[in-house]
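**Q** Give me a model of this one.
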Amino acid sequence: MITTLLVLFLLRAVSPISLEVTPRMQHAPVAGTGRIRILVTIPKNDQNRVGCVEVDGPVYRSSCFEIDGQRHAYRQEWVYVDLPSGAYRAVAVLRQANGKQIQVKTDFCIIGDDNTGC
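**A** So this is what the prediction gives:
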């Protein structure tokens, strides 16, 4: 058990990109829209060049950014507001100088006033 936890911790520690979405499920307030926070972390690596974040569902939002991976790690937060109820997928993509593209995904849900959306 301890060995398994240690292996999982080490795998997470060396991940080239991580994606956190909070909250993963929420009830939309009276206005019928929700608000989420996305946090992307990319460790220092001289191969890292470009990162992108996408939110896809009833609406689509995206943002890309250049990374100077040789000098420092990267940690960025986005807050998306006024998202209509529905099922969404958040995707973070890391593009490296060697042509490698690494992608992580997570799903989240905004439940409408009438309990619809997911």
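
**Q** In this structure N48 contacts Q96, no?
**A** Yes. Between N48 and Q96 there is a contact at 5.9 Å, judged by CB atoms under 8 Å. (Each C-beta comes from the backbone N, C-alpha and C, glycine too.)

**Q** Strands along this protein, start to end?
**A** Along the chain, the stretches classed as strands by DSSP state E are 18-22, 25-27, 33-42, 48-56, 60-66, 74-84, 86-96, 101-111.

**Q** any idea which of these scores lowest on pLDDT?
**A** Ranked by mean pLDDT, those end with strand 25-27 in last place, scoring a mean of 86.

**Q** which residues touch that strand?
**A** G34, R35, I36, F108, C109, I110, I111, C118 (CB atoms under 8 Å, 6 or more residues apart in numbering).

**Q** Check the gap between the fifth one and S62 for me.
**A** With distances defined as CB to CB, to the nearest Å, the gap from C109 to S62 amounts to 20 Å.

**Q** if you skip the residues just before and after it, what's nearest to the most centrally placed residue in the chain?
**A** Central residue of the chain (CA atoms, centre = their mean): L19, 3.6 Å from the mean position. Using CB to CB, 6 or more residues apart in numbering and skipping the chain neighbours, the partner closest in space to L19 is A92 (4.2 Å).

**Q** still on that earlier bit, between N48 and Q96, what contacts are shared?
**A** Among the neighbours of N48, those also in contact with Q96 (CB under 8 Å, 6+ apart) are P16, G69.

**Q** So which of those two has more stuff around it?
**A** Set N48 next to Q96 and count neighbours by other CB atoms under 10 Å: N48 wins out with 24 against 17.

**Q** Which pLDDT value goes with the nearest residue to that one once chain neighbours are set aside?
**A** Nearest residue to N48 in three dimensions, chain neighbours excluded: G69, at 2.9 Å (CB to CB, 6+ apart). In this model, G69 is scored at 77, pLDDT.
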